[in-house]
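**Student:** the following block contains a protein sequence and its predicted model.
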Amino acid sequence: MSEFNIPMIVDNIRYQFTFTRIHSPLAEKYFVTANNFLSEPFSFEMKKDEAANWKVILPAPEWAMEIEQKLAAAIQENLPVNSI
């Protein structure tokens with residue numbers, strides 16, 4: 001299982017995002033947990049669509065959908081070498 005963390009500001013609140021790769025024969029996925037240390041962490045999944053773009057899977061917070069491209073870029077930048 002591979003995992004990485006990145007900090008990110010969302011709506012002027014600092015979050016720590018933890019991305020955990022889910023190994024599945026059906027799809028490449030990441031389980032994402034966003035923690036601002038002020039409230040309960042939020043969790044959602046991201047997976048590749050048919051065009052190989054990373055997408056947030058609902059249910060997810062609305063702000064996660066709004067920053068989907070930033071989250072997708074974080075995954076691309078941190079993919080294990082053998083996954084490219």
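**Tutor:** Structure received. Residues are numbered from 1 along each chain as shown.
**Student:** tell me the buried residues in the longest helix anywhere in the chain?
**Tutor:** If you go by DSSP state H, the chain has its longest helix at helix 68-78. The neighbour-count check on helix 68-78 (16 or more other C-beta atoms under 10 Å) flags 68, 71-72, 74-75, 78 as buried. For glycine as for every other residue, the C-beta is placed from the backbone atoms N, C-alpha and C.
**Student:** same check on stretch 33-46?
**Tutor:** Of all the residues in stretch 33-46, those buried under the rule 16+ other C-beta under 10 Å are 34-35, 42-46.
**Student:** how long is it end to end?
**Tutor:** One end of stretch 33-46 to the other measures 11 Å (C-alpha to C-alpha, to the nearest Å).
**Student:** same check on stretch 38-50?
**Tutor:** Terminal residues of stretch 38-50 lie 36 Å apart, using C-alpha to C-alpha.
**Student:** what are the contacting residues of that stretch?
**Tutor:** 13, 19, 22, 27-35, 54-61, 64, 71-72, 75 (C-beta atoms under 8 Å, 6 or more residues apart in numbering).
**Student:** now with 6 Å?
**Tutor:** 27-35, 54-57, 60-61, 64 (C-beta atoms under 6 Å, 6 or more residues apart in numbering).
**Student:** among those, which one has the most neighbours?
**Tutor:** Of all these, the highest neighbour tally under other C-beta atoms under 10 Å goes to residue 30, namely 25 neighbours.
**Student:** for that residue, helix, strand, or coil?
**Tutor:** strand (DSSP: H, G, I helix; E, B strand; the rest coil).
**Student:** and the strands in the protein?
**Tutor:** Shown for the chain, the strands assigned by DSSP state E span residues 3-10, 13-22, 29-35, 42-48, 54-57.
**Student:** so which elements touch the longest one?
**Tutor:** Packing contacts for strand 13-22, counted by 3 or more C-beta pairs under 6 Å, 6 or more residues apart in numbering; DSSP states H and E, involve strand 3-10, strand 29-35.
**Student:** direction included, what does it pair up with?
**Tutor:** strand 3-10 (antiparallel), strand 29-35 (antiparallel) (DSSP bridges).
**Student:** can you list these in TSV and add mean pLDDT and distance to residue 50?
**Tutor:** Output for the strands paired with strand 13-22, formatted as TSV (pLDDT from 0 to 100; distance: least, C-beta to C-beta, whole Å):
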stretch	mean pLDDT	distance to residue 50
strand 3-10	95	25
strand 29-35	97	14
